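*Asks:* Turn this into a model:
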Amino acid sequence: MIAVLLGGLAVAGPAPAQVPAPGAQLLPDLVPFDASGLTVTGGGRLGPRRLRLSTSIVNRGPGPMEIAPARARDCNGNGRRNDDELARQRIYIDRNGDGRFHRLDDDTFVVHEAGCMVFHAAHDHWHLSDFARYELVQETTGRSVASSTKVSFCITDLERIRARLPGRAMNEFYGACDPDHPQGLSIGWLDTYDAGLPGQYIPLRGVRDGRYCLRITVDSANRLSESREANNRSEVAIVLRGRLVRAIARNCRPPLAAQVP
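*Replies:* You can find the predicted model right below:
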């Protein structure tokens, strides 16, 4: 385990993947942190009751997570061709075999189809579809009681973590949210979506007070190639009481940790 620093707090994370062999693909490794900034809004005359949350996702792999747009023919199936682009993941090759990504030297890549990029009207920029999923689960039964739609992100380098990862980027590289530039996460960088942003919630219609497991799954549709897939989920135990919510444990009770969505 390695401790990373997020907002001044040390957060434990898994060790980086093994060094790739010469000529190997330098794949990203996307890891979600536990949900934070939990609040309950709405209820009664205040409108729909919702659990709002902030989400942070870090790339701990030997390669960047890079998504390049390409011309689409209505890849989101809404009948319009001007609001979407094909999403193509660029997977860079370790040309010199040192196990580290060098942007100037490792300039060869293969392309992996990764779904769709769409224009998000509420955010007024372009997103990668199905990048994450938020879910509220009963701890005792493992039954899902509420979930978000599969959440889209404009993926950018927002903050560099304090972890000595091979090939980590010292400076921000990905920062564009338009249809003409790649989106992504550099090695050792995270992106955060704040609880106040549109879509950052789980609807609580019909959800009773009690203890639940709040689950975040990155790449929930399994469209991205990664060096590891087993660490794409974070879970935290919470208690709901009306318009109050409180995190009570970093891990949920078994058997949730062993279940596959």
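
*Asks:* can you give me the helices for the stretch 1-150 of the chain?
*Replies:* For the stretch 1-150 of the chain, no helices turn up when DSSP state H, counting those that start in this stretch is the criterion.

*Asks:* Poorly predicted segments of it, please.
*Replies:* Flagging of the stretch 1-150 of the chain using pLDDT under 70 yields the residue ranges 1-22, 122.

*Asks:* Which residue ranges of it form strands?
*Replies:* Using DSSP state E, counting those that start in this stretch, the strands of the stretch 1-150 of the chain run over 2-6, 9-13, 25-26, 30-32, 36-41, 50-59, 65-70, 84-93, 109-120, 125-138, 144-147.

*Asks:* Nearest to T192, out of these?
*Replies:* Among these, the nearest to T192 by CB to CB is strand 50-59 (4.4 Å). Yep, even glycine has a C-beta here, placed from its N, CA and C like the rest.

*Asks:* Kindly reformat the strands of the stretch 1-150 of the chain as a markdown table containing mean neighbour count.
*Replies:* Compiled in a markdown table, the strands of the stretch 1-150 of the chain are given as follows (neighbours: other CB atoms under 10 Å):
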| stretch | mean neighbour count |
| --- | --- |
| strand 2-6 | 16 |
| strand 9-13 | 13 |
| strand 25-26 | 20 |
| strand 30-32 | 23 |
| strand 36-41 | 16 |
| strand 50-59 | 24 |
| strand 65-70 | 21 |
| strand 84-93 | 21 |
| strand 109-120 | 18 |
| strand 125-138 | 21 |
| strand 144-147 | 16 |
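
*Asks:* Format the ones you listed as TSV; extra columns: distance to N76.
*Replies:* Shown next, in TSV, are those (distance: least, CB to CB, whole Å):
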stretch	distance to N76
strand 2-6	32
strand 9-13	33
strand 25-26	28
strand 30-32	22
strand 36-41	28
strand 50-59	22
strand 65-70	13
strand 84-93	5
strand 109-120	5
strand 125-138	7
strand 144-147	20
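
*Asks:* Looking at the ones you listed, spot the one closest to M170.
*Replies:* Closest to M170 of the strands of the stretch 1-150 of the chain is strand 50-59 (CB to CB; 14.4 Å).

*Asks:* List the strands paired with the closest one, with their directions.
*Replies:* With DSSP bridges as the test, strand 50-59 is paired with strand 30-32 (antiparallel), strand 36-41 (antiparallel), strand 189-193 (antiparallel), strand 201-203 (antiparallel).

*Asks:* SS state for I216?
*Replies:* Following DSSP: H, G, I helix; E, B strand; the rest coil, the label given to I216 is strand.
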